[in-house]
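**Student:** Model the following, please.
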Amino acid sequence: MNRRKLIEMDEAERLDFFDQERVAVVGSFGPRGWPHLMPLWYVVRDGEIWSWTFTKSQKIKNLERDPRASVLIEAGDEYAELRGVQMECETVCHQETGLVVDFATELVTRYAPEGQEVTPDATEAFRAQAPKRTVLQFKPVRTISWDHRKLAGVY
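**Tutor:** Residues are numbered from 1 along each chain as shown. This next block holds a predicted model:
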């Protein structure tokens, strides 16, 4: 029996995991060819991870030069609890004002304290900030996942 198959998450498990976690570590290729890793807040749209950052950031420069990225979302402290999803992705950079504002609203809604809503003032602030922001859409090419809890302590 392939033990690797025993710990894979199916699509529903991956989506549930994405909903539970809060930070994606995104790797791009830096200007000298070394991996450049950055933690980002994210939302899930149609099974894809979406995030944003400042357009002048090193991440954007890297992804404009080479759109390949790795995205890692992981959890667990002890070996028997380790869970994660790693995706090799093609990145699409979006800078359209309406899309950036809509994304900002969605992201802030996800991370705001329970019950807190986005105010009209906040939406105007997002609109003012939009020209400085780029939304990142990570389109998975290859996905691997693991959930060591499925091993029930037997390795």
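**Student:** what sits against residue 25?
**Tutor:** Taking C-beta atoms under 8 Å, 6 or more residues apart in numbering as the contact definition, residue 25 lies against 37-40, 71-74. Where you see a C-beta, it was placed from the backbone N, CA and C, and this is true even at glycine.
**Student:** can you list these in a markdown table and add neighbour count, secondary structure and pLDDT?
**Tutor:** Formatted as a markdown table, the entries for those read as follows, by neighbours: other C-beta atoms under 10 Å; DSSP: H, G, I helix; E, B strand; the rest coil; pLDDT from 0 to 100:
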| residue | neighbour count | secondary structure | pLDDT |
| --- | --- | --- | --- |
| 37 | 13 | strand | 98 |
| 38 | 15 | strand | 97 |
| 39 | 12 | strand | 98 |
| 40 | 18 | strand | 98 |
| 71 | 23 | strand | 98 |
| 72 | 15 | strand | 98 |
| 73 | 22 | strand | 98 |
| 74 | 15 | strand | 98 |
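**Student:** I'd like these written out as TSV, with distance to residue 126 added.
**Tutor:** As requested, the contacts of residue 25 are exported to TSV (distance: C-beta to C-beta, whole Å):
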residue	distance to residue 126
37	27
38	21
39	21
40	17
71	24
72	27
73	25
74	29
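**Student:** Return the member of those residues nearest to residue 137.
**Tutor:** Proximity of the contacts of residue 25 to residue 137 (C-beta to C-beta) peaks at residue 71, which lies at 11.0 Å.
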